[in-house]
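Trainee: Make a model of this:
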Amino acid sequence: MGRETRERIVQAAIRVLGRAGYAETSVKDIAAEAGVAPGLVHYYFKTKDDLVLAAVRQCCADMLPPLDGDPTQAALAAFEAAKRPAPETAFFWSLFVEMLGLARHREGVRTTLREFIRNDREYVERAGRAIVAQREDRSPDEVPAMAAAVYSAMLGIELQRLLDPEFDAAAAIDALAAMALR
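Mentor: Numbering: from 1, shown residues only. You can find the predicted model right below:
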């Protein structure tokens, strides 16, 4: 029962944060969405940040597809999917950007976001290693820097997508894919 209740609270947090954002969401709002008393939310999560970070972790866990099959085709498919993000992915990036401001002053938020970034970048690096292994013109030593550049570019594209409705994210992703897989 405890694990189910905790999960119900995290899922409620994801829904409420998706509608209202971090600043406009209270623990009370999340508790109401989950159908539990606010005190029960605090039983599982000491602070609102702890709960929001659990929601971020849940979203992170659901975002990365398995790395199987032809690595170049998998990378192209990932770039293609990034051009039209699912609502959950768009929500995650919005929340992630909001949490970046908090990370500057809150160690727990900074630690969780740093963990997410490292895991995500390692995923890109694994894909890069698989691609480079098929080629003779690239060195495996280049992969960590290339993965960091690709990851950083995608983060920048997502940030621009959030802030500028006229930004052509699809064109930027196509250009990034062409450069990354050249």
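Trainee: how about the spatially most central residue of the chain, what does it touch?
Mentor: With distances taken as CA atoms, centre = their mean, Cys60 lies nearest the centre of the chain, 5.0 Å away. Applying CB atoms under 8 Å, 6 or more residues apart in numbering, one finds that Cys60 lies in contact with 92, 116, 119-120. Any C-beta I mention is one placed from the backbone N, CA and C, and that applies to glycine too.
Trainee: Next one: Arg135 from Glu80, what distance?
Mentor: The spacing between Arg135 and Glu80, counted by CB to CB, to the nearest Å, is 21 Å.
Trainee: Compare those two and say which is more crowded by neighbours.
Mentor: Taking other CB atoms under 10 Å, Arg135 and Glu80 do not tie; Glu80 has more neighbours (13 against 10).
Trainee: Can you spell out the domain ranges of this structure, please?
Mentor: Domain assignment of the chain by automatic domain parsing yields the ranges 2-55, 64-180.
Trainee: does Glu166 count as helix, strand or coil?
Mentor: coil (DSSP: H, G, I helix; E, B strand; the rest coil).
Trainee: what are the phi and psi values for it?
Mentor: phi -90, psi -10 (degrees, to the nearest 10).
Trainee: which secondary structure element contains the residue lying closest to Leu176 once chain neighbours are set aside?
Mentor: Leaving out its chain neighbours, the residue that sits closest to Leu176 by CB to CB, 6 or more residues apart in numbering is Ala153, at 5.1 Å. Assessed by DSSP states H and E, Ala153 sits inside helix 143-163.
Trainee: how far is that helix from where the chain is centred?
Mentor: In terms of CA atoms, centre = their mean, to the nearest Å, the centre of helix 143-163 is found 12 Å from the chain centre.
Trainee: Output the below-cut-off pLDDT ranges for this structure.
Mentor: 1, 61-64 (pLDDT under 70).
Trainee: In three-state terms, label the residue at the greatest distance from the centre of it for me.
Mentor: What lies farthest from the middle of the chain is Glu136; by CA atoms, centre = their mean that is 32.2 Å. Secondary structure of Glu136, reduced to three states by three-state DSSP: coil.
Trainee: Look up phi and psi at it.
Mentor: With angles defined as degrees, to the nearest 10, Glu136 sits at phi -100, psi -10.
Trainee: Now do the helices for the chain: every range, in order, please.
Mentor: Applying DSSP state H to the chain gives helices spanning 2-20, 27-34, 38-44, 48-63, 71-83, 87-103, 107-133, 143-163, 169-180.
Trainee: rewinding a little: for the contacts of Cys60, pick the one with the most neighbours.
Mentor: If you count neighbours using other CB under 10 Å, the busiest of the contacts of Cys60 is Phe92, which has 24 neighbours.
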